[in-house]
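Novice: I need the structure of the sequence given here:
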Amino acid sequence: MSLSLDFLLPPPPASYNVEQPTAVRGAVSETTERLLEPVGRHFLAHARRKKFNRTFSEDERHQAEERASRIEESEKVTFEYEDVDITTVNQDPTQWKTQDNYAILGLTKLRYKATPDDIKTAHRRMVLLHHPDKKADKNDDAFFKCIAKAYDTLMNPVSRRQYDSVDFGMQDEDADVPTAKSEGDFYELWRPVFERESRFSNKQPCPQLGDASTSREEVEAFYDFFYNFDSWRSFEWLDKEAAEASDNRDDKRYQEKKNRAQRAQLKKEDNARLRNLVDVCLSVDPRIAVFKAEEKKRRNAKKDAKAAAEKAAAEEKARKEEEERLAAEKAEADAKAARESQKKDKEAVKKAIKKEKKNLRNLLKDNNYAVAGADATPDQIDANLLKLDDLVAANKTPEALVALREELEQAQKDGKLAEVFASKTA
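Specialist: All right, here's what the predicted structure looks like:
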């Protein structure tokens, strides 16, 4: 089936020109810079993956396991009929403010976990058991009124939240918390405490205490969550009403002011109570001791590594200084040995020269002081000895003197000492 609509287009504006292919009807607005805040479940999933360093598949598996555990836990809490001993609960309808509504309906095992269907089922059963028509005294409807008030309170989300904020039946259980000296398994003692406290949190689901295998990041996230606990407890259920017969607005305003002050004080005390509870739990948490020991070990490892590096540097410096000292001592010893060797060599040269000089003198003395013919006169002796000194001075080395002595000795053997000496000293 098709539908056709006939309509006319509005006439073009007066400025319209058929020959003009395009026309500018308005200017584009200027760009603006705006701050975009990351929000939404997709961003929260991204932040969760970044915080715990998970891949998409790991995060999905982790979330599925958490959902399964919550479902499994909820399945464990099933409705069971409870026998109510009316002698132990409130039977005065005028005292409805202080009555245990869950106990009256037989919901002490479920309490804040009870669903509206559970409340309806329990109420129906209590009505059938305690309706005034089933009593001998038809006018005895006091307990029936208590049942009706408990049902009305718990079926109204606002009044139930107010009542759950101060649930009188939970006071003893909430007050029964471990201390720093409590003996037993840490996790078994403290896990139920934080599970009960979690019911007051605006943020759900709440992180759990975990066990010995829980990572440090998750443990720190758990304590951070409860140190900054966002509680919905209002304590409005404990508000006091103004005098019933009073219609004075000032009296009502005054009473409301007192109620607000009381709620603020109770809220402050409850926050202090929870913080003190978390402090005690943190002080006895065995995982914190393990984390501190690991942190100390890491710090000590860094400190030891630094000390080892400083020790190695000091040893290397000492080794270099020792090597330099030994090298300096060796150089000094070598220089001293060289000086002593030079000194000995000089002494040896001097002795050799002195010896050769003496040999040459004796050679001249034994051979008439190199004077041919008659005995040498004193003047000739002095003259030849001076010439010998000049000759020795001209031949400074022991080798040259040895060669000179051997040459003169050979001349003496050949009988030509006077001629050779005269030629050498000419």
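Novice: Buried residues in stretch 384-391, which are they?
Specialist: Buried residues in stretch 384-391, counting neighbours by 16 or more other CB atoms under 10 Å, are found at 384, 387, 388, 391. For glycine as for every other residue, the C-beta is placed from the backbone atoms N, C-alpha and C.
Novice: wait, isn't the second one in contact with residue 426?
Specialist: Spelled out, it's residue 387. No: taking contacts as CB atoms under 8 Å, residue 387 lies outside contact range of residue 426: 9.1 Å.
Novice: per-residue confidence at residue 150?
Specialist: Per-residue confidence (pLDDT) for residue 150: 93.
Novice: what's the closest non-adjacent residue to it?
Specialist: residue 101 (3.8 Å; CB to CB, 6 or more residues apart in numbering).
Novice: hang on, the one you found packs against residue 156?
Specialist: No: judged on CB under 8 Å, residue 101 makes no contact with residue 156 at a distance of 11.2 Å.
Novice: So between the two, which is more surrounded?
Specialist: The neighbour count for residue 101 versus residue 156, taken as other CB atoms under 10 Å, is higher for residue 101 (27 against 12).
Novice: I'd like to know how far the more buried one sits from residue 236.
Specialist: 15 Å (CB to CB, to the nearest Å).
Novice: I'd like to know which elements the longest helix along the chain is packed against.
Specialist: In the chain, taking DSSP state H as the definition, the longest helix is helix 286-366. With contacts taken as 3 or more CB pairs under 8 Å, 6 or more residues apart in numbering; DSSP states H and E, helix 286-366 sits against helix 216-227, helix 378-394, helix 398-413.
Novice: where does residue 265 fall, phi/psi-wise?
Specialist: When quoted as degrees, to the nearest 10, the phi and psi of residue 265 stand at phi -70, psi -40.
Novice: pLDDT value on it, please?
Specialist: Note on residue 265: pLDDT of 94.
Novice: Please apply the same query to residue 239.
Specialist: In this model, residue 239 carries a pLDDT of 88.
Novice: correct me, but it touches residue 261?
Specialist: No: under the criterion of CB under 8 Å, residue 239 makes no contact with residue 261, lying 11.0 Å away.
Novice: where's residue 412 relative to residue 365, distance?
Specialist: For residue 412, the distance to residue 365 equals 12 Å [CB to CB].
Novice: the more surrounded of those two?
Specialist: residue 412 (18 against 14).
Novice: Looking at the helices and strands packed on helix 286-366, spot the one closest to residue 300.
Specialist: Closest to residue 300 of these, according to CB to CB: helix 216-227, at 18.1 Å.
Novice: Using neighbour counts, pick out the buried residues of the closest one.
Specialist: Going by 16+ other CB under 10 Å, helix 216-227 has these buried residues: 219, 222, 223, 225, 226.
Novice: what's the answer for stretch 150-157, then?
Specialist: Buried residues in stretch 150-157, defined by neighbour count with 16+ other CB under 10 Å: 150, 151, 153, 154.
Novice: for the record, mean pLDDT for the host helix or strand of residue 172?
Specialist: Assigned by DSSP states H and E, residue 172 belongs to helix 171-175. What helix 171-175 shows for mean pLDDT is 80.
Novice: With only the CA atoms kept, save it in PDB.
Specialist: Provided in PDB are the C-alpha atoms of helix 171-175 (Å, rounded to 0.1, in the frame of the first residue of the first chain):
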ATOM      1  CA  GLN A 171      21.900  -3.600  67.300                       C
ATOM      2  CA  ASP A 172      23.400  -6.500  69.300                       C
ATOM      3  CA  GLU A 173      24.900  -8.100  66.200                       C
ATOM      4  CA  ASP A 174      26.300  -4.800  64.900                       C
ATOM      5  CA  ALA A 175      27.900  -4.100  68.400                       C
END
